[in-house]
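In: A predicted structure for the sequence below; I have some questions about it.
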Amino acid sequence: MYFLKLSQGILYEALSSFYNSNKKPTATPLGFIITGRDTIKLRIFKNSKTCREILKNRPDIILNLTNNPKLFLIFSFKEVFKEQIENIRFIESSRVNAPKIAPEHGIYGYIECKIENVKEHEDQIHVTLSIENIDAATPYITLEPFSRVINHMIDIAVYLTKIHKLEDNKEIRKYADLLNYSIHIIKDYCSTDLCSEYLNMINKVIKELGLKDKIFSNYDLDISI
């Protein structure tokens with residue numbers, strides 16, 4: 001049997017899934033920190049749909065654990081990847097009223113949670129979750145050796161989300177620099193079909209959301225893919 005190893009005080013990344021106001025399953029990438037034996041903390045920006053859903057409905061939440069970088073990009077930019085979203089299957093969880101992303105999409109573990117407390121701050125809400133159940137998606141799992149390429153692929157989804165929402169040129173420049181570096185890590189150190197497909201997905205996000213001028217304007221950056 002495979003057991004998940006989770007340490008307190010480390011920022012992990014997961015796909016948080018829940019039922020929205022229309023009772024439909026949805027998911028979004030969120031960082032989370034284990035703060036106690038049975039508690040987790042989330043920090044969510046106030047201008048996001050996820051924040052509005054949590055403040056309005058306080059849904060149960062599943063943290064879907066995965067190393068599949070494409071899922072982070074797809075759920076970060078749902079309007080760009082509508083077809084892919086429609087092909088993602090959700091299943092019922094065992095302990096809470098929330099949907100899980102099915103294991104065949106590259107999910108290896110689940111943390112089933114209920115909202116315990118929500119505190120509003122100036123630009124964020126801090127959400128405390130109580131852990132109701134932790135489970136592996138399959139009884140057996142094969143893990144590849146660690147590769148920083150995958151980490152950079154997941155980071156790219158975060159950087160593009162920041163650039164899409166920001167207006168301050170200094171902040172945009174910061175994330176554009178990080179984006180540039182991560183893209184070149186993938187280009188220089190990965191020749192798999194996954195990496196080629198992921199680079200094409202990045203191009204699609206930049207094109208369909210009109211981010212090209214925002215990224216390249218006034219910056220001497222080489223983000224050609």
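Out: Received it, and whenever you're ready, just let me know what you need.
In: could you say what helices and strands the longest helix anywhere in the chain packs with?
Out: With secondary structure taken from DSSP state H, the chain has its longest helix at helix 169-189. Applying 3 or more CB pairs under 8 Å, 6 or more residues apart in numbering; DSSP states H and E, one finds that helix 169-189 contacts helix 148-165, helix 193-208, helix 212-216. The way it works is simple: take the backbone N, C-alpha and C, and place the C-beta from them, glycine included.
In: change it to 6 Å
Out: Helices and strands touching helix 169-189, by 3 or more CB pairs under 6 Å, 6 or more residues apart in numbering; DSSP states H and E, are helix 148-165.
In: buried stuff in the helix it packs on?
Out: Using 16 or more other CB atoms under 10 Å as the test for burial, helix 148-165 gives 149-150, 152-164.
In: identify, from those residues, the entry nearest to residue 189.
Out: residue 149 (5.6 Å; CB to CB).
In: report pLDDT for that closest one.
Out: You'll see residue 149 listed with a pLDDT of 93.
In: show me the contacts for it.
Out: Contacts for residue 149 (CB atoms under 6 Å, 6 or more residues apart in numbering) come out as 186, 189, 190.
In: pLDDT score for residue 103?
Out: Reported pLDDT for residue 103: 94.
In: any idea what the spatially closest residue to residue 6 that is not a sequence neighbour is bridged to?
Out: Excluding the flanking residues, the one nearest residue 6 by CB to CB, 6 or more residues apart in numbering is residue 34, at 5.4 Å. Bridge pairing for residue 34 (DSSP bridges) gives the partners residue 8, residue 40.
In: what's the burial count for residue 34?
Out: 18 (other CB atoms under 10 Å).
In: again, but for residue 193
Out: With other CB under 10 Å as criterion, residue 193 counts 7.
In: quick one: contacts for the closest residue to residue 97 other than its chain neighbours?
Out: Nearest non-adjacent residue to residue 97, counting by CB to CB, 6+ apart: residue 60, 4.8 Å away. When contacts are counted by CB under 6 Å, 6+ apart, residue 60 touches 96, 97, 98, 114.
In: element containing the residue nearest the centre of the chain?
Out: For the chain, the residue nearest the mean C-alpha position is residue 29 (2.2 Å; CA atoms, centre = their mean). Under DSSP states H and E, the secondary-structure element containing residue 29 is strand 25-36.
In: so where is the chain shaky, pLDDT-wise?
Out: For the chain, the stretches flagged by pLDDT under 70 are 1-3, 139-146, 217-225.
In: before we move on, back to that, wait, the residue nearest to residue 6 sits on residue 10?
Out: No. Contact status for residue 34 versus residue 10: not in contact, 7.2 Å apart, counting by CB atoms under 6 Å.
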